[in-house]
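Peer 1: Please work out how this folds:
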Amino acid sequence: MSALETIQQDLENIAKNPPDGVVTAGPSGDDLLHWTATLTGPDDSPYAGGVFHVSLRFDDTYPQKAPLAQFTTRVYHPNIHTGGGVRPRSMREEWTPDKRAPEALSALRALLANPDLDDTIHNQDAAHVYRRDRTRFTTTAQEWTRKYAQ
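Peer 2: Next up is the predicted model:
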């Protein structure tokens with residue numbers, strides 16, 4: 001099956017059974033290889049109540065290779081670059097060809113509630129605060145959520 005056929009199948013699956021917290025997901029315009037998605041912040045996280053926009057870019061190797069993801073909503077998080085770039089381990093090292101876009105979206109949302117402190121290269125400052133002063137981290141993440149994700 002080609003990447004485009006797999007992506008079309010993913011769209012149908014998401015329409016029938018959207019993953020938890022995925023409000024919208026689909027092509028940006030007519031380009032099946034570029035999606036936009038909307039995720040809600042997990043209830044058990046400083047991102048609760050937030051609505052986060054994500055861009056997914058697929059290439060012709062999908063699903064052999066995970067889509068590239070970028071939060072277009074600003075997020076204060078140890079694993080999300082200040083410019084929005086994010087490559088969780090589950091979409092890098094742990095990705096297998098049987099995984100699909102719904103799993104990628106679920107992984108991005110799960111990352112909000114469960115930072116990977118062994119993979120904080122994207123935002124060392126937020127990781128440092130998370131490790132040293134969890135209250136300050138939570139307050140900042142909540143402030144950013146209110147400011148950028150409402």
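
Peer 1: Could you list the low-pLDDT ranges of the protein?
Peer 2: Judged against pLDDT under 70, the chain has no low-scoring part.

Peer 1: need the contact list for the residue most central in space within it.
Peer 2: For the chain, the residue nearest the mean C-alpha position is Leu108 (2.9 Å; CA atoms, centre = their mean). For Leu108, the contacting residues are 39, 54, 69, 71, 86, 88, 91, by CB atoms under 8 Å, 6 or more residues apart in numbering. The C-beta positions use only the backbone N, C-alpha and C, and glycine is treated the same way.

Peer 1: I'd like those residues as JSON lines, with secondary structure appended.
Peer 2: Formatted as JSON lines, these follow (DSSP: H, G, I helix; E, B strand; the rest coil):
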{"residue": "Leu39", "secondary structure": "strand"}
{"residue": "Val54", "secondary structure": "strand"}
{"residue": "Ala69", "secondary structure": "strand"}
{"residue": "Phe71", "secondary structure": "strand"}
{"residue": "Val86", "secondary structure": "strand"}
{"residue": "Pro88", "secondary structure": "coil"}
{"residue": "Met91", "secondary structure": "helix"}
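
Peer 1: Closest one of the residues you listed to Leu117?
Peer 2: Closest approach between the contacts of Leu108 and Leu117, by CB to CB: Pro88, at 12.5 Å.

Peer 1: At which residues are the helices of the chain located?
Peer 2: Using DSSP state H, the helices of the chain run over residues 3-16, 101-113, 124-132, 134-148.

Peer 1: For Gly50, which of the ones you listed is the nearest?
Peer 2: Proximity to Gly50 (CB to CB) singles out helix 134-148 among the helices of the chain, at 4.0 Å.

Peer 1: could you say what helices and strands the closest one packs with?
Peer 2: Applying 3 or more CB pairs under 8 Å, 6 or more residues apart in numbering; DSSP states H and E, one finds that helix 134-148 contacts helix 124-132.
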